[in-house]
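Trainee: Kindly return the folded structure for what I paste below:
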Amino acid sequence: MSKAFASQADLQDKKITFEQLSKHCWAYTAEGDPNSGVIIGEKFIMVSDATATPAMAQDLIARIREVSDKPIKYVLLTHYHAVRVLGASAYVAEGATEVIASRGTYELIVERGAEDMQSEMERFPRLFRGADSVPGLTWPTLVIGDGTPGRQGSLTVDLGGVKVEIWHPGQGHTRGDTIAWVEDEKVLFSGDLVEYEAGVYTGDAQLEEWPATLEALRALKAEAIVPGRGEAMKGNADVNKALDYTKRWVTTLFQAGKEAASAGMDLKAAMAHTRKSMDPVFGHVFIYEHCLPFDVSRAYDEAKGIKNPRIWTAERDKEMWAALQA
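Mentor: Okay, here's the model as predicted:
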């Protein structure tokens, strides 16, 4: 292979920021690495996205403990990807009794969680330092909704002085994406449905549905957002900037995939075609080169009618990467 696979060569630590966005809401961000959100009530704390390993979760826990000693009772899985969920066991010692996920996320863990864990660990070893601290797959204790998008299947959690509404707003990054919304403070925790100035990973995406899901989020009129990657955005104009960024990525990618499929291109030609429209706009952002091969593969598949994303295994990852480097 002419270049290191995925992010195996990305070994430089990122600067972590733990920032208060409102009375009860905090953002844990890391220059394009996966973000986590924290909501601190008078009785309990919720963490949205648990980090990649229990060892890595200790840094987030330490930062929370600088501002609150309340139990971290709830852990929200915004989706099933290993880099978001495998740190969940670390919070048990901090008071966690509930791991919350949507029905779609639970089904994806059953269907492909083990393969995804192996795949992600090999793609991005820096984010899985301390992987020996992972006890296995993370399973939700509380599954919400029936897979139907919308607030009718929502769960409201009272942390004491602050209520958090959790629901599946629609398909996008995965078919099980879940958000946390603190309506009184207008703060949205979007998971990887929204990114800003970072690669938008779409390897397991529902690209056709994603733009409509983003518009459902826009309708909330959030005043702050913790995206899956990139800086926390403050003010509705900047929230919309992040939504627009993600929508442009998704629509540009999928359009290129449809053109490539229609023209009968192979995957390598589809990659070259996609780069013409993606590189000038997004080529400078964090993990762009990591995401693009997986993204092009998924866009090409979906354009050819494969609605349920093919499972990424460690073997499939490397076969795809080698084909594109050949």
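Trainee: Report how many residues lie close to Met121.
Mentor: Met121 sits with 19 neighbouring residues when counted by other CB atoms under 10 Å. Backbone N, C-alpha and C define where each C-beta goes, glycine included.
Trainee: can you check Asp266 too?
Mentor: 10.
Trainee: now swap in Ala93 and tell me
Mentor: Neighbours of Ala93 (other CB under 10 Å): 10.
Trainee: Need the three-state assignment for it.
Mentor: helix (DSSP: H, G, I helix; E, B strand; the rest coil).
Trainee: which SS state does the residue nearest the centre of the chain fall under?
Mentor: For the chain, Asp192 is the residue whose C-alpha lies nearest the centre (CA atoms, centre = their mean; 2.9 Å). Assigned with three-state DSSP, Asp192 falls in the strand class.
Trainee: next one: Leu217
Mentor: helix.
Trainee: Check Thr252 too.
Mentor: Once three-state DSSP is applied, Thr252 turns out helix.
Trainee: Report the spatially nearest residue to it, omitting neighbours in sequence.
Mentor: The shortest distance from Thr252 to any non-neighbouring residue, by CB to CB, 6 or more residues apart in numbering, is to Ser277 (5.3 Å).
Trainee: Surely Thr213 and Gln171 touch.
Mentor: Yes. Using CB atoms under 8 Å, Thr213 is in contact with Gln171, at 6.3 Å.
Trainee: just to revisit the earlier point, how close does the residue nearest to Thr252 sit to Thr138?
Mentor: Noted for Ser277: a distance of 36 Å to Thr138, by CB to CB, to the nearest Å.
Trainee: So which of the two has more stuff around it?
Mentor: Applying other CB under 10 Å to Ser277 and Thr138 shows that Thr138 carries more neighbours, namely 22 against 14.
Trainee: quick one: the more buried one and Val99 touch, right?
Mentor: Yes. Proximity of Thr138 to Val99 meets the contact threshold set by CB under 8 Å, at 6.5 Å.
Trainee: any shared contact partners between Thr213 and Gln171?
Mentor: 149, 177 (CB atoms under 8 Å, 6 or more residues apart in numbering).
Trainee: So between the two, which is more surrounded?
Mentor: Neighbours were counted for Thr213 and for Gln171 using other CB under 10 Å; Thr213 has more, 25 against 22.
Trainee: element containing the more buried one?
Mentor: helix 210-218 (DSSP states H and E).
Trainee: Pull the following helix or strand past that helix out as CSV, backbone CA atoms only.
Mentor: Next helix or strand after helix 210-218 toward the C-terminus (DSSP H and E): strand 224-229. C-alpha atoms of strand 224-229 as CSV (Å, rounded to 0.1, in the frame of the first residue of the first chain):
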residue,chain,number,x,y,z
ALA,A,224,-25.5,25.6,20.8
ILE,A,225,-24.5,22.2,19.4
VAL,A,226,-21.9,19.6,20.3
PRO,A,227,-21.2,17.9,17.0
GLY,A,228,-19.6,14.5,16.6
ARG,A,229,-16.3,16.1,15.5
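Trainee: Name all residues that make contact with the residue nearest to the centre of the chain.
Mentor: 78-79, 81, 84, 173-174, 177, 200-201, 227-229.
Trainee: one more time with 6 Å
Mentor: Residues in contact with Asp192 (CB atoms under 6 Å, 6 or more residues apart in numbering) are 173, 228.
Trainee: now the lowest-mean-pLDDT helix or strand in the chain, how far from the centre of its chain.
Mentor: Least confident helix or strand, the chain: helix 314-325 with a mean of 89, by mean pLDDT, DSSP states H and E. Centroid separation for helix 314-325 versus its chain: 22 Å, with CA atoms, centre = their mean, to the nearest Å.
Trainee: Can you show me the strands along the protein?
Mentor: Counting by DSSP state E, the segments of the chain that form strands are 17-20, 25-30, 33-40, 45-48, 72-76, 98-102, 142-144, 155-158, 163-167, 179-182, 187-195, 224-229, 233-234.
Trainee: I'd like those strands as a markdown table, with distance to Trp249 appended.
Mentor: What follows is these, written out as a markdown table (distance: least, CB to CB, whole Å):
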| stretch | distance to Trp249 |
| --- | --- |
| strand 17-20 | 23 |
| strand 25-30 | 19 |
| strand 33-40 | 17 |
| strand 45-48 | 22 |
| strand 72-76 | 24 |
| strand 98-102 | 23 |
| strand 142-144 | 28 |
| strand 155-158 | 29 |
| strand 163-167 | 24 |
| strand 179-182 | 19 |
| strand 187-195 | 8 |
| strand 224-229 | 12 |
| strand 233-234 | 16 |
